[in-house]
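**Q** requesting a structural model of the entry that follows:
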Amino acid sequence: MAPLPPESGLLPETTRRIDALVAQAQAAGRAPSLVLGVLRTPTGAARATTGGLVHVAAAGETPTPDPDVQYRIGSITKTMTAVLLLRQRDDGLLELDDPLDRHLPGTPLGAVRLRELLGHAAGLQREPDGEWWERSAGADLDTLLAGLSREKVAFPAHRTFHYSNLAYGLLGAVLERVTGESWWKLVRSRLLDPLGMVRTSYQPTEPYARGYVVHPWHDTLREEPRTDTGAMAPAGQLWASLADLARWAGFLADPDPEILAPETVTEMCVPVAMADLNSWTAGYGLGVELHRVGERVYVGHGGSMPGYVATLSVHRPSGTGVVGFANAYGLRTGSLPVLGRQVLTAVLDAEPAPVRPWRPATAPPAGEVAELTGRWWWMGREFELTWDPAAEELTIVQQPSGAVPGWRFGRDAAGRWRGRSGMNDGEILTVRRDGAGAATALDIATFVFTRHPDRLA
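**A** As a prediction, the model looks like this:
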């Protein structure tokens, strides 16, 4: 097993519990091999060399799992397709509310919108026409588009969540039409290469785990085909090692702005549709699954292809995640994604949160920033405004601190103070001044804060 850096690790009791859960899942689920990794998002060189893995638990011997062995990631591929599409939006090449026929003219499904396709809210049936695409050679894009008809719409858009692999085949087609490049070339050049994901590929490369169906009566193995899914590749084609999948999970937790703006990844995590209307424990954003476990929300995706299941879940506020594979088409008992979320919860419950060290500022703030720091009042309530030099943001916290979440404001492109968190996210902070030019009040979305508790403006 690839060595992990000694400074990165979990408490011994946590690793023992994870190891036991993985061993039990492999034995009860009858998986030829099962491997699960816990990650915490590092930065810089550490991310490039370790993928953030702090513990790897493995069970089974067919093959012996290792962080460098490839498995098929299935529908986790969709998260990469979504990131690529959002990048085209950020670059001004499309809009999420574009109808499909703006980019694929003449399709009978042209009225559905890209946002609906990303969030499985377009009402499309789950699969394209033809043979079971996961287990047979895929068709080219022209064949996929020629097979479309109005009958592929199962529900009116946004009436209900309905998972659709077909939707992601179409999104891959949009990417190719917008950029003039193949979907796989986009994945490799714009995602894998920048993140150092050298063990992620379109087809498997050794060492890789063969995928199996386990016979229900005598526990023998039947090896499954490793297909090229053609135009449906954006829905589930890729292969990756555990270490590489941890790098991708780390990106979703703590995005590299050179690949996709952090605020856009946050936008991906806003629910488009709830998959569980009775309890609101599961939903889907722009290309990512959302699961509520207790008071936490996990972001990620599950994956399955003939012979394989995969999971990726991250808790973005803490930068903690779990990735895993098994080389069986489903576990006999249990679920790999459920196991992943169980392990993630165990880590978050048991482990102290990583603490970023405080570092002194090199110089006090100057100009307007220095003038604004200190005490402010609104409706008899006291607030403290401070400067965060690392983030270059104003922070405003009601006193006593911790009573309610604070707000952050940073300069926008026009030089205005614009909210970046909480209830004032996106709102403008305007500084009111007297005749001498001194700051006398802060106007935040018409709520006026003054220097004295008995003054209204």
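**Q** only C-alpha atoms from now on, for both contacts and neighbour counts.
**A** Will do.
**Q** for the nearest residue to I396 once chain neighbours are set aside, give me phi and psi.
**A** Spatial nearest neighbour of I396, excluding adjacent residues (C-alpha to C-alpha, 6 or more residues apart in numbering): L385 at 4.5 Å. When quoted as degrees, to the nearest 10, the phi and psi of L385 stand at phi -110, psi 120.
**Q** per-residue pLDDT of L385, please?
**A** The predicted local confidence for L385 comes out at a pLDDT of 97.
**Q** beta-bridge partners for it, please?
**A** Beta-bridge partners for L385, by DSSP bridges, are G374, I396.
**Q** do the same with F449
**A** Counting by DSSP bridges, F449 forms beta bridges with L442.
**Q** isn't it up against D443?
**A** Yes: here F449 reaches D443: they are 6.4 Å apart, a contact under C-alpha atoms under 8 Å.
**Q** look at these two and report which has more neighbours.
**A** With neighbours defined as other C-alpha atoms under 10 Å, F449 and D443 compare such that F449 has more, 26 against 15.
**Q** can you count the residues close to W132?
**A** Neighbours around W132, by other C-alpha under 10 Å: 11.
**Q** mind checking the SS state of it?
**A** Secondary structure state of W132, per DSSP: H, G, I helix; E, B strand; the rest coil, is coil.
**Q** try the one 5 residues further on
**A** On the three-state scheme (three-state DSSP), A137 is labelled coil.
**Q** show me what contacts it?
**A** 227-230 (C-alpha atoms under 8 Å, 6 or more residues apart in numbering).
**Q** if we can go back for a sec, the residue nearest to I396 and I18: what is the separation?
**A** 43 Å (C-alpha to C-alpha, to the nearest Å).
**Q** re earlier: which of the contacts of A137 tops the neighbour count?
**A** Most surrounded of those: other C-alpha under 10 Å gives T229, at 22 neighbours.
**Q** chain neighbours aside, what residue packs nearest to that residue?
**A** G138 (3.9 Å).
**Q** with respect to G106, which of the contacts of A137 is nearest?
**A** G230 (21.3 Å; C-alpha to C-alpha).
**Q** wouldn't the closest one be in contact with G138 here?
**A** Yes: applying C-alpha under 8 Å, one finds G230 in contact with G138, separated by 4.2 Å.
**Q** any idea which helix or strand carries the residue nearest to D434 when sequence neighbours are not counted?
**A** Spatial nearest neighbour of D434, chain neighbours left out: T440 (6.5 Å); criterion: C-alpha to C-alpha, 6+ apart. T440 belongs to strand 439-444 when assigned by DSSP states H and E.
**Q** list of residues touching that strand?
**A** 371-372, 424, 427-434, 448-451, 457.
**Q** run the last query once more with 10 Å
**A** 368, 371-372, 376-378, 417-419, 424, 427-434, 447-452, 455-457 (C-alpha atoms under 10 Å, 6 or more residues apart in numbering).
**Q** those residues in helices, which ones?
**A** In this view, the contacts of strand 439-444 that belong to helices under DSSP state H are 368, 371-372.
**Q** which one (most neighbours) among those residues?
**A** L372 (22 neighbours).
**Q** all strands for the stretch 151-300 of the chain, in order.
**A** For the stretch 151-300 of the chain, the strands defined by DSSP state E, counting those that start in this stretch cover 200-201, 212-214, 221-223, 239-241, 273-274, 282-284, 289-293, 296-305.
**Q** neighbouring strands of the fourth one in the sheet, and parallel or not?
**A** Think strand 239-241. Note on strand 239-241: by DSSP bridges, its sheet partners are strand 70-72 (antiparallel), strand 200-201 (antiparallel).
**Q** which one of the ones you listed lies closest to E295?
**A** strand 70-72 (31.3 Å).
**Q** buried residues in the closest one?
**A** 70-72 (16 or more other C-alpha atoms under 10 Å).
**Q** for stretch 418-428, same thing?
**A** 418-420, 424, 427-428.
**Q** how about stretch 398-410?
**A** Residues of stretch 398-410 classed as buried by neighbour count (16+ other C-alpha under 10 Å): 398, 406-410.
**Q** flag the least confident of these.
**A** Minimum pLDDT for the buried residues of stretch 398-410 is recorded at G406 (91).
**Q** so it sits against S421, correct?
**A** Yes: under the criterion of C-alpha atoms under 10 Å, G406 makes contact with S421 at 7.9 Å.
**Q** overlap of the contact sets of these two?
**A** T395.
**Q** where does this structure have low pLDDT?
**A** Along the chain, the model assigns pLDDT under 70 to residues 1-8, 42-51, 133-135, 354, 456-457.
**Q** could you chop it up by domain?
**A** 12-82+172-350, 367-450 (automatic domain parsing).
**Q** ranking the ones you listed by burial, who's on top?
**A** Highest mean neighbour count among those (mean count of other C-alpha atoms under 10 Å): domain 12-82+172-350, with a mean of 21.
**Q** now the end-to-end length of it.
**A** One end of domain 12-82+172-350 sits 11 Å from the other (C-alpha to C-alpha).
**Q** do a quick rundown of the helices in the stretch 101-250 of the chain.
**A** In the stretch 101-250 of the chain, the helices defined using DSSP state H, counting those that start in this stretch lie at 114-118, 141-146, 165-179, 183-187, 193-195, 233-236, 242-253.
**Q** so can I have CSV of the ones you listed showing distance to V338?
**A** Below are the helices of the stretch 101-250 of the chain laid out as CSV (distance: least, C-alpha to C-alpha, whole Å):
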stretch, distance to V338
helix 114-118, 23
helix 141-146, 33
helix 165-179, 21
helix 183-187, 28
helix 193-195, 27
helix 233-236, 20
helix 242-253, 17
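**Q** between the ones you listed, which gets nearest to Y202?
**A** The nearest among those, by C-alpha to C-alpha, is helix 183-187 at 7.3 Å.
**Q** and the nearest residue to T205 once chain neighbours are set aside, what are its bridge partners?
**A** Among residues not flanking T205 along the chain, Q70 sits closest, at 7.3 Å (C-alpha to C-alpha, 6+ apart). Beta bridges link Q70 to Y208, S241, judged by DSSP bridges.
**Q** ok, back up a step: so can I have JSON lines of the strands of the stretch 151-300 of the chain showing distance to S189?
**A** What follows is the strands of the stretch 151-300 of the chain, written out as JSON lines (distance: least, C-alpha to C-alpha, whole Å):
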{"stretch": "strand 200-201", "distance to S189": "12"}
{"stretch": "strand 212-214", "distance to S189": "31"}
{"stretch": "strand 221-223", "distance to S189": "32"}
{"stretch": "strand 239-241", "distance to S189": "16"}
{"stretch": "strand 273-274", "distance to S189": "31"}
{"stretch": "strand 282-284", "distance to S189": "27"}
{"stretch": "strand 289-293", "distance to S189": "25"}
{"stretch": "strand 296-305", "distance to S189": "22"}
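**Q** among those, which is nearest H158?
**A** Nearest of these (C-alpha to C-alpha): strand 273-274, 7.6 Å.
**Q** contact partners of the closest one?
**A** 116, 119-121, 158-162, 280-286, 289-290.
**Q** same question for stretch 9-28.
**A** 29-40, 53-60, 326, 331-336, 339-340, 342-344, 346-352.
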